[in-house]
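# Just to be clear, the model below is a prediction. Sequence and coordinates:
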There are 2 protein chains.
Amino acid sequence: MQSDNKTAAILVIGDEILSGRTREGNAHHLASVLTAVGIDLREIRVVADEQPLIVEAIRALDSSLGGRYDLLFTSGGIGPTHDDVTADSVAEAFGTGIEMNEEALAVMRARWEARGMPVTGNRMRMARIPLGAKLIPNKFSAAPGFHLGNTYVMAGVPEVFRAMVDAILPDLPTGRPVVSESIDVNRGESDVAEDLQQVALAYPDLSLGSYPWHREGSYGTMLVVRGLDGARVAAAMTDLRQRIGL
Amino acid sequence: MQSDNKTAAILVIGDEILSGRTREGNAHHLASVLTAVGIDLREIRVVADEQPLIVEAIRALDSSLGGRYDLLFTSGGIGPTHDDVTADSVAEAFGTGIEMNEEALAVMRARWEARGMPVTGNRMRMARIPLGAKLIPNKFSAAPGFHLGNTYVMAGVPEVFRAMVDAILPDLPTGRPVVSESIDVNRGESDVAEDLQQVALAYPDLSLGSYPWHREGSYGTMLVVRGLDGARVAAAMTDLRQRIGL
C-alpha cells in the first residue's frame, strides 16, 4: 500500500518494558491514533534508559537528523529522577544545549503553588528543555513535553502521554486515513491463503492480512483488507467473500 | 547494571501491531522470561511485513551477522499466506537458500493426516525453511519455527509463540537472573527523586527506577531496585526505605 502519507516511528524509552515489568501501551495507543489520521507508522523501537542508545535511535529515526522517518514520537524518560535522560539525549542528538526553560518553569510553578507543593531542584529538573524546542502542554500534571526537529518528546505515564498526544494532534501533518474492513472466518489460515493471495494480486494497491486465532479449542482466521480508497477496499472484500463462499 | 549475561533483542514482524489493530504481547511475555533466566533484553523493534525491512533489522540485531546483540528472537510472519515473508527474509539476511524442509514437512503431514486435513500448497509453504537452520518444535499447531545463527524465528500467534519459547528455553545461554525488589510509596516521583539518586550513587552496581502512577484521583510512585546480587539489592532497598522514612 503506497501513499503520500507521512511516515512515522515511535521510540519507547524504558527499562521497565525491557524487563517485562510493564506491558507497553503508549505505542499501541498512538498507533491507533496515527492510523486514524493518515500517518503511516512504520517502526516501533524500545530501548533502555541510556543516553548513547537514545541518541543513536533518535538520529536513526528522525529525518531532520538524516534518519528514516518523517516524524518521530518518543515516550518516557522525561520525569524528575536521575534515570530520566531523554531530554539530555535529545539535546545531544540535535547538537544543541539544554537549559531551564522559563515558560515550562512558570507553568509548573503555578501548579505547585496552587497545590502548596514546595519547589525542589528535582521538580525543576523537569523544566530542563533543549534549546530551540517548542513545549507540548500537559493538562494532566503540568510538566511539559517538547518538540524539536521532527521529534515529539512525550511522557511515559499513560495518562500524560495521552494528554500530550491530544495536544499535538491538531498540528500534525495528517494524510488520508487508512480504511479497513475485516471478516472473521471459521477456517484455518492455510485454508484461505490461496483465495487471499488471488485477491491481493488483483488489488495491488491494497494491503491484505490474515490473523489466525485460537480460543477454547476453537479456531479461525480474521481477514483484513486495508487501503486508502474505501470503494476499492469494499470491492476487494466482496471479491474475497465470494471466493471463500461467504 | 553491568553483567556477563548475554544480550538480546526481539524483532516483532507485524503490520497489525503498527496499525494499532493488535496490542503486542509476545515481546512482553518473552521479556519476563529472559529476565527470569538471566538474559539481558536490550531492544525491541517492530517492523512491517516487508522483506527489505526485516532483512535489515536482522542484520542490525544478530551478532553472528555483525549486529549488536548476542541473541535475536523474532515473532510473526511465518504463516501460510502471501504476506508471511519472515523465512525468506532470514534466508536473505544470512545469504543462504530456502527449501522445503523434509523434517518439517513430515511433522506437519502427520498432524494434517491425523485430522483429515488436505495437504495444500499453502500449508506446505510453512515447511519452507532456510538451509542450515535447526527446527523449533511447535506443540500447539505443528508448523515449526527455526534457529539460524543467533536468530530464533517464532510464530506470532500468542499460543504458538509461547510454545516455541518453552521449546528453546533449555538450550539458551542463560546467566545470572536479575533480582528485583520494589516498594510503592504514596508520594509524587519528584518527592522521592533526591533519595533515589543518593541510593543510586551509593550502589553503582544496581539499577534504580521510579514509576509514577495515577489512579482515580490518587497517585504514588513505585520504586524498583534491580541487580544481580540479592544481598546488595536488599541492602539498597533498606537504605532507600530509611531515607524515605518508611
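That came through fine.
# alpha carbons only for contacts and neighbour counts from here, please
Fine.
# in chain A, which spans are strands?
Secondary structure of chain A (DSSP state E): strands at A:7-13, A:40-47, A:71-75, A:98-100, A:128-130, A:134-136, A:145-148, A:151-154, A:179-185, A:207-215, A:218-227.
# Figure out which of those is closest to residue B:34.
Closest to residue B:34 of those, according to CA to CA: strand A:40-47, at 15.6 Å.
# Would you mind splitting chain A into its domains for me?
As given by automatic domain parsing, the domain ranges for chain A are A:7-171, A:179-244.
# export these to TSV and tack on distance to chain B and mean pLDDT?
Compiled in TSV, the domains of chain A are given as follows (distance: least, CA to the nearest CA, whole Å; pLDDT from 0 to 100):
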stretch	distance to chain B	mean pLDDT
domain A:7-171	4	95
domain A:179-244	5	92
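# So for residue B:8, which of the ones you listed sits nearest?
Here domain A:7-171 is closest among these (CA to CA), at 10.1 Å.
# Quick check: end-to-end length of the closest one?
Start-to-end span of domain A:7-171 (CA to CA, to the nearest Å) is 15 Å.
# tell me the contacts of residue A:213?
Residues near residue A:213 by CA atoms under 8 Å, 6 or more residues apart in numbering or on different chains: A:219, A:220, A:221, A:222, B:157.
# go with 10 Å
Neighbouring residues of residue A:213 by CA atoms under 10 Å, 6 or more residues apart in numbering or on different chains: A:184, A:186, A:187, A:188, A:189, A:219, A:220, A:221, A:222, B:157, B:158, B:159.
# Go through these and name the one nearest residue A:53.
For the contacts of residue A:213, the closest approach to residue A:53 (CA to CA) belongs to residue B:158, at 29.1 Å.
# burial of that closest one, as a residue count?
19 (other CA atoms under 10 Å in any protein chain shown).
# measure the nearest residue to it once chain neighbours are set aside to residue B:167 for me?
Of all residues not flanking residue B:158 in the chain, residue B:26 sits nearest, at 6.3 Å (CA to CA, 6 or more residues apart in numbering or on different chains). Distance, residue B:26 to residue B:167, using CA to CA: 15 Å.
# And for residue A:34?
Distance from residue A:34 to residue B:167, by CA to CA: 37 Å.
# of the two, who's got more company?
The residue with more neighbours, out of residue A:34 and residue B:167, is residue A:34; 24 against 15, by other CA under 10 Å.
# can you pull the contacts of that one?
Neighbours of residue A:34 in contact, by CA under 10 Å, 6+ apart: A:6-8, A:40-41, A:169, A:172, A:174-175, A:177-178, B:18-20.
# again with residue A:55
The neighbours of residue A:55, taking CA under 10 Å, 6+ apart as the test, are A:86, A:88, A:89, A:90, A:91, A:92, A:93, A:94.
# same deal with residue A:215?
residue B:159.
# again with residue A:181
Counting by CA under 10 Å, 6+ apart, residue A:181 has contacts A:208, A:223, A:224, A:225, A:226, A:227, A:230, A:233, A:234, A:236, A:237.
# Now do the helices for chain A: every range, in order, please.
All helices of chain A, identified by DSSP state H, fall at A:15-18, A:26-36, A:51-61, A:86-94, A:102-115, A:121-125, A:158-168, A:189-202, A:230-244.
# Reformat those helices as TSV; add distance to residue B:122.
Converted to TSV, the helices of chain A look like this (distance: least, CA to CA, whole Å):
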stretch	distance to residue B:122
helix A:15-18	36
helix A:26-36	30
helix A:51-61	36
helix A:86-94	46
helix A:102-115	58
helix A:121-125	57
helix A:158-168	42
helix A:189-202	6
helix A:230-244	15
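# out of those, nearest to residue B:108?
Closest among the helices of chain A, using CA to CA: helix A:189-202, at 12.3 Å.
# The closest one vs strand A:179-185, what angle?
Interaxial angle of helix A:189-202 relative to strand A:179-185 (axes from the mean of the first three to the mean of the last three CA atoms, to 10 degrees): 150 degrees.
# Next, the buried residues of helix A:189-202.
Using 16 or more other CA atoms under 10 Å in any protein chain shown as the test for burial, helix A:189-202 gives A:189, A:190, A:191, A:192, A:193, A:194, A:195, A:196, A:197, A:199, A:200.
# What is it packed up against?
Counting contacts by 3 or more CA pairs under 10 Å, 6 or more residues apart in numbering or on different chains; DSSP states H and E, helix A:189-202 packs against strand A:207-215, strand A:218-227, helix A:230-244, helix B:121-125.
# quick check: angle from that helix to strand A:218-227?
Going by the same axes, to 10 degrees, helix A:189-202 makes 10 degrees with strand A:218-227.
# picking that back up, tell me which of the domains of chain A sits nearest to residue B:212.
Of all those, it is domain A:7-171 that lies closest to residue B:212, at 6.9 Å by CA to CA.
# Please tell me how far the closest one is from the chain's geometric centre.
11 Å (CA atoms, centre = their mean, to the nearest Å).
# For residue A:158, which residues are in contact?
A:24, A:25, A:26, A:29, A:75, A:76, A:164, B:213, B:214.
# returning to what we had before: can the contacts of residue A:55 go into a markdown table with extra columns for neighbour count?
Formatted as a markdown table, the contacts of residue A:55 follow (neighbours: other CA atoms under 10 Å in any protein chain shown):
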| residue | neighbour count |
| --- | --- |
| A:86 | 24 |
| A:88 | 21 |
| A:89 | 24 |
| A:90 | 27 |
| A:91 | 20 |
| A:92 | 20 |
| A:93 | 20 |
| A:94 | 17 |
